[in-house]
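Undergrad: Mind looking at a prediction? Sequence and model below.
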Amino acid sequence: MSAYYYSGYPDHYEAHYLDACSLCSKSLHNSDIFMYRGNTPFCSKECRQEQIEIDEEKEKNWKSGRSLRKSDAKSSTPNKTVRTGTVAVA
């Protein structure tokens, strides 16, 4: 039996977020729950570790994408030619 909570609407019950693993959707009823980032439940250390690795890879790609865009912006700035000299106006 999974845990349900009343959503405030007549005859409308929704599953609780601790009913299933966030990665593999395995039932968490009567089993240990491994939490990650405060409110994300997992059925095992392995599922939690896999999600941690997924998140770290996303963060790494996001950060490297940002640094590439910054360096692209610097390299895409057109070379400006500055002419120096004396101008005589009559």
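TA: Arrived safely. Residues are numbered from 1 along each chain as shown.
Undergrad: Tell me the buried residues in stretch 42-51?
TA: Within stretch 42-51, the residues scored as buried using 16 or more other CB atoms under 10 Å are 42-44, 47-48, 51. Glycine gets a C-beta too; all of them are placed from N, C-alpha and C.
Undergrad: Which parts of this structure are helices?
TA: 45-75 (DSSP state H).
Undergrad: lowest average confidence, helix or strand, in the protein?
TA: The helix or strand of the chain with the poorest confidence is strand 4-6; it has a mean of 52 (mean pLDDT, DSSP states H and E).
Undergrad: quick one: average pLDDT of stretch 25-39?
TA: Stretch 25-39 shows a mean pLDDT of 93.
Undergrad: which residues does residue 36 contact?
TA: 22, 42, 48, 51-52 (CB atoms under 8 Å, 6 or more residues apart in numbering).
Undergrad: So which of those is the closest to residue 31?
TA: residue 42 (10.6 Å; CB to CB).
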